[in-house]
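My questions are about this predicted structure, shown below with the sequence.
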Amino acid sequence: MKVFHTISEIREFVRAAKGRGESIGLVPTMGYLHDGHLSLVRRAREENDRVVVSVFVNPLQFGPGEDFERYPRDLGRDSALAAGAGADAVFAPEVAEMYPEPTLTHVTVDGLSEGLCGASRPGHFRGVATVVMKLLNIVSPNRAYFGQKDAQQATVIRRMAADLNLDTSIVILPIVRESDGLAMSSRNVYLTPEGRRAALVLSSSLRLASEIVDGGERDAASVRRAIVAGISAEPMARVDYVAIVHADNLKPLDRLAGRVLIALAVFIDKVRLIDNVVLDLDESAADGAR
């Protein structure tokens, strides 16, 4: 497996592969890979002739006071894991390679970026959309792979690709969880042992919500109250948001119907974690969507 640090190098790799008639799969990451990332690499390996994993901690998607400087980084570890999962190349540029000058051009996906995580992280999804667009332009993959754990990100990227007629298929794969239910995340490394235990409240509250909905509850406010009460019972947890929205357009729901996304962000001590579940329900109550 090759590791490339410059745009010209990865473009030459891709040009040579495409010249041989080979397809390209791209797995964009910020590194510190875990099994969630590796599940994307393995799927890309199944569906493409060549697989590129990008490892880039993107400063544009971090706000003031967030963890850009301390975000975990270990390129040697990431490269070994990517190779083991079937990657042919890692693209690991420095910030100066991706942004040699102050960025004057940004990609904004209106209507999908402002709520949920966008409400507490202004500008975050502008940074995400901009760097993903740059990576898609640099690598020109046939397919790009993302995880459902970042549900809003997946929705934003899918809409960006459709609106701008990108010649890349966006593939979204299910959340990968630890054996106890915690959604895998590079930020889990920040958790203390006590915080790691407390973090299980995210997945347990989503299971509770699913059970309530399976029992017939369709009032979004009632489901949300149950989730907030469950999270609030954990002393180390502080709710950032609990949102119940349509999974495709992220519009809030009064009554649950169709493809419903229940998404939450919770601080465990000072670590912000996200999780979600998508429920496919009877469309008959869809008039509850605002």
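Cool, the structure landed. Residues are numbered from 1 along each chain as shown.

hey, let's count contacts and neighbours off CA atoms from now on
OK.

Tell me the helices and strands packed up against the helix or strand hosting Asp78.
In this assignment (DSSP states H and E), Asp78 forms part of helix 75-85. Counting contacts by 3 or more Cα pairs under 8 Å, 6 or more residues apart in numbering; DSSP states H and E, the secondary-structure elements packed against helix 75-85 are helix 35-47, strand 89-91.

Only C-alpha atoms, please: export that helix in CSV.
Written as CSV, here are the backbone C-alpha positions of helix 75-85 (Å, rounded to 0.1, in the frame of the first residue of the first chain):
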residue,chain,number,x,y,z
LEU,A,75,-0.7,8.0,10.6
GLY,A,76,1.4,4.9,11.0
ARG,A,77,-1.3,3.1,12.9
ASP,A,78,-4.0,4.3,10.4
SER,A,79,-1.9,3.2,7.4
ALA,A,80,-1.5,-0.3,8.8
LEU,A,81,-5.2,-0.6,9.6
ALA,A,82,-6.2,0.7,6.2
ALA,A,83,-3.8,-1.7,4.5
GLY,A,84,-5.2,-4.6,6.5
ALA,A,85,-8.7,-3.8,5.5
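
what's the angle between that helix and helix 35-47?
40 degrees (axes from the mean of the first three to the mean of the last three Cα atoms, to 10 degrees).

tell me the mean pLDDT over helix 75-85?
Helix 75-85 shows a mean pLDDT of 98 in the predicted model.

and it, which residues are buried?
For helix 75-85, burial by neighbour count (16 or more other Cα atoms under 10 Å) applies to Leu75, Asp78, Ser79, Leu81, Ala82, Ala83, Ala85.

Among those, which one sits closest to Asn188?
Closest approach between the buried residues of helix 75-85 and Asn188, by Cα to Cα: Asp78, at 16.1 Å.

Contacts only, for that closest one.
Taking Cα atoms under 8 Å, 6 or more residues apart in numbering as the contact definition, Asp78 lies against Gly31, Tyr32, Leu33.

In a markdown table, list the helices and strands packed on helix 75-85 along with distance to Leu206, mean pLDDT and mean neighbour count.
As requested, the helices and strands packed on helix 75-85 are exported to a markdown table (distance: least, Cα to Cα, whole Å; pLDDT from 0 to 100; neighbours: other Cα atoms under 10 Å):
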| stretch | distance to Leu206 | mean pLDDT | mean neighbour count |
| --- | --- | --- | --- |
| helix 35-47 | 19 | 98 | 21 |
| strand 89-91 | 35 | 98 | 24 |
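
Out of these, the one nearest Leu166 is which?
With Cα to Cα as the measure, helix 35-47 is the member of these nearest Leu166 (18.4 Å).

Can you name the element that comes right after that closest one?
Moving on from helix 35-47 towards the C-terminus, the next helix or strand you reach (DSSP H and E) is strand 50-55.

starting at the chain centroid, how far to that next one?
16 Å (Cα atoms, centre = their mean, to the nearest Å).

likewise stretch 230-247?
Centroid separation between stretch 230-247 and its chain, computed with Cα atoms, centre = their mean, is 18 Å.

Use 245 as the first number for this chain going forward.
All right, first residue 245 from here; so that's stretch 474-491.

burial measure for the nearest residue to Asn520 once chain neighbours are set aside, as a count.
With Cα to Cα, 6 or more residues apart in numbering as the measure, Ala507 is the residue that lies nearest to Asn520, at 4.2 Å, once sequence neighbours are left out. Each residue near Ala507 was counted by other Cα atoms under 10 Å, and the total is 24.

Where does Ala507 sit: helix, strand or coil?
Per DSSP: H, G, I helix; E, B strand; the rest coil, the secondary structure class of Ala507 is strand.

One more: Gly307?
Going by three-state DSSP: Gly307 is coil.

Quick one: neighbours of it, just the number.
For Gly307, the number of neighbouring residues by other Cα under 10 Å comes to 15.
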